[in-house]
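sequence and predicted model, in that order:
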Amino acid sequence: MSTAATQPVVSIIIPAFNRAELILETLDSISRQTFADWEAVVVDDGSTDTTSEIVTRCAATDSRVRFLSRERPPKGASTCRNLGLAAARGDLVVFLDSDDLLGRDCLERRVAVMTGNPRADYAVFQGLLFKQTPGDLEFVLNLPNNEPDLCRFLRGDPVWQTTGPIWKKSAVQQLGGFDEQFACWQDTDLHFRALNSGLAYLKRFDLPPDYFHRKHNLPSISQKGFNYREAVVSTLQFCIKAADALKSPADADKKNNLRSMLASQVQLALANRHFDLADQGIELAIQNRLLDFRAKTLWRLARHCHRARALGIRGLARLGNRLLRPYRPALSLGIHRLAEKPDAAGRAS
């Protein structure tokens, strides 16, 4: 077992905000690991409930648990993760949300993969969705296909979620950590940069899922859902960064996928009457030459159709959606039903 005076093999970094109801369960999933040489770095984002007291009590009984407070702006999960990364003592890191859980052999399996592949900067694994108890849903994040991972992220089909990878700490530092200006989509941005930078990685989707991603209605630092203005803003921020990184003629296919993501976000903004954000998305697509003349005309016409609906003219919103439909991807949101229902350990029964 590691102590505060020794260097653990792997650091689990957990941002937390008002998570008193669930943080103990998250920490318990770490304490039950078959691999014992870890530390859990919990970074509090200004909680007003008893989160800090709960984590402090855990730290008093297990020196592998460390509690930090965010002492600088901006508020948010990305800042907390970056602070945790800076404080991490392990050469390997895993980013875990404060409401999610690790499968019992998660760390043992991941450390073994990284040890057996010393040239890998990171390795990624599948997770399962759950509501109350691991195994109560039959959905996995995510399934492999023949499409390049980078292209899937660019069209809004995340191949893995925040907890999917185990990283060399130095690799995340090389990427500059998480972008602290994002209200959400921070993990997609980090994973895009990792893929686009050419870091060496393994995708071990041949192994059973080893973590559990909770779906609930409780407030979260970053999980606000795709109908919130902040989600569209963050996605547009991501698209701006991605478009700036995709300047080579060889990036044509990637830019087509980026256009698909923008089409989805423009339609989402229109459906929620965020016309300023829809305009930003359309102009972003035009400025980066993602649209030909016909597409520019159709996207702008779709915008006018939704504006007419907002003024009380019925029927035109459906026309606007039809105009954008050819440009939108068949979006899976990274969730697929398993052929067999998993048990609480993540195995298909």
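Structure received.

packing partners of the longest helix along the chain?
The longest helix of the chain (DSSP state H) is helix 252-271. Applying 3 or more Cβ pairs under 8 Å, 6 or more residues apart in numbering; DSSP states H and E, we find helix 252-271 packed against helix 149-154, helix 229-245, helix 275-287, helix 293-310, helix 316-324. Placement of C-beta: from N, CA and C, glycine included.

what does it contact?
Outside helix 252-271, the residues that touch it by Cβ atoms under 8 Å, 6 or more residues apart in numbering are 150-152, 154-156, 226-227, 231-232, 235-236, 239, 242-243, 246, 275, 277-278, 281-282, 284-285, 288, 290-291, 299, 302-303, 306, 317, 320-321, 324, 327-329, 331.

stretch 297-312 now?
Residues contacting stretch 297-312 (Cβ under 8 Å, 6+ apart): 263, 266-267, 270-271, 273, 275, 278-279, 282, 285, 291, 316-317, 319-321, 323-324, 327.

show me the domain layout of this structure.
Taking automatic domain parsing as the reference, the chain has its domains at 10-122+161-206, 229-327.

export the ones you listed as a markdown table, with columns for distance to residue 142 and mean pLDDT.
Shown next, in a markdown table, are those (distance: least, Cβ to Cβ, whole Å; pLDDT from 0 to 100):
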| stretch | distance to residue 142 | mean pLDDT |
| --- | --- | --- |
| domain 10-122+161-206 | 8 | 97 |
| domain 229-327 | 16 | 92 |
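
buried ones in stretch 72-79?
When burial is assessed from 16 or more other Cβ atoms under 10 Å, stretch 72-79 yields the following buried residues: 76, 77, 78, 79.

ditto for stretch 285-303
Buried, per 16+ other Cβ under 10 Å, within stretch 285-303: 285, 288, 290, 291, 295, 298, 299, 300, 302, 303.

how near is residue 277 to residue 185?
14 Å (Cβ to Cβ, to the nearest Å).

more neighbours: those two, which one.
residue 185 (23 against 20; other Cβ atoms under 10 Å).

contacts only, for that one.
231, 234, 235, 237, 238.

format those residues as TSV; extra columns: distance to residue 59.
Converted to TSV, the contacts of residue 185 look like this (distance: Cβ to Cβ, whole Å):
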residue	distance to residue 59
231	34
234	32
235	37
237	35
238	35
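
so is the residue of the chain most remote from its centre in a helix, a strand, or just coil?
What lies farthest from the middle of the chain is residue 313; by Cα atoms, centre = their mean that is 38.1 Å. Under DSSP: H, G, I helix; E, B strand; the rest coil, the three-state class of residue 313 is coil.

list phi and psi for it.
phi -90, psi 110 (degrees, to the nearest 10).

begin at 5, not 1, for the rest of this chat.
Done: numbering now begins at 5, and the last item shifts to residue 317.

related to what we said a few turns ago, which of the contacts of helix 256-275 count as buried?
Using 16+ other Cβ under 10 Å, the buried members of those are 154-156, 158-160, 235-236, 239-240, 243, 246-247, 250, 281-282, 285-286, 288-289, 292, 294-295, 303, 306-307, 310, 321, 324-325, 328, 331-333.

that older thread, in helices, which of the buried residues of stretch 76-83 appear?
Using DSSP H to define helices, the subset of the buried residues of stretch 76-83 located there is 81, 82, 83.

so can I have JSON lines of those residues showing distance to residue 193?
Converted to JSON lines, those look like this (distance: Cβ to Cβ, whole Å):
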{"residue": "81", "distance to residue 193": "12"}
{"residue": "82", "distance to residue 193": "9"}
{"residue": "83", "distance to residue 193": "14"}
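
between the residues you listed, which sits nearest residue 212?
Nearest to residue 212 among those: residue 81, at 27.0 Å, using Cβ to Cβ.

residue 15 belongs to a strand?
Yes. Residue 15: assigned to a strand according to three-state DSSP.

what sits against it?
42, 43, 44, 45, 88, 92, 93, 94, 96, 97, 98, 173.

mind redoing it with 6 Å?
43, 45, 92, 94, 97 (Cβ atoms under 6 Å, 6 or more residues apart in numbering).

and the residue lying closest to the fourth one once chain neighbours are set aside, how far is that from residue 282?
In this case it means residue 94. Of all residues not flanking residue 94 in the chain, residue 15 sits nearest, at 3.7 Å (Cβ to Cβ, 6 or more residues apart in numbering). Residue 15 sits 41 Å away from residue 282, going by Cβ to Cβ.
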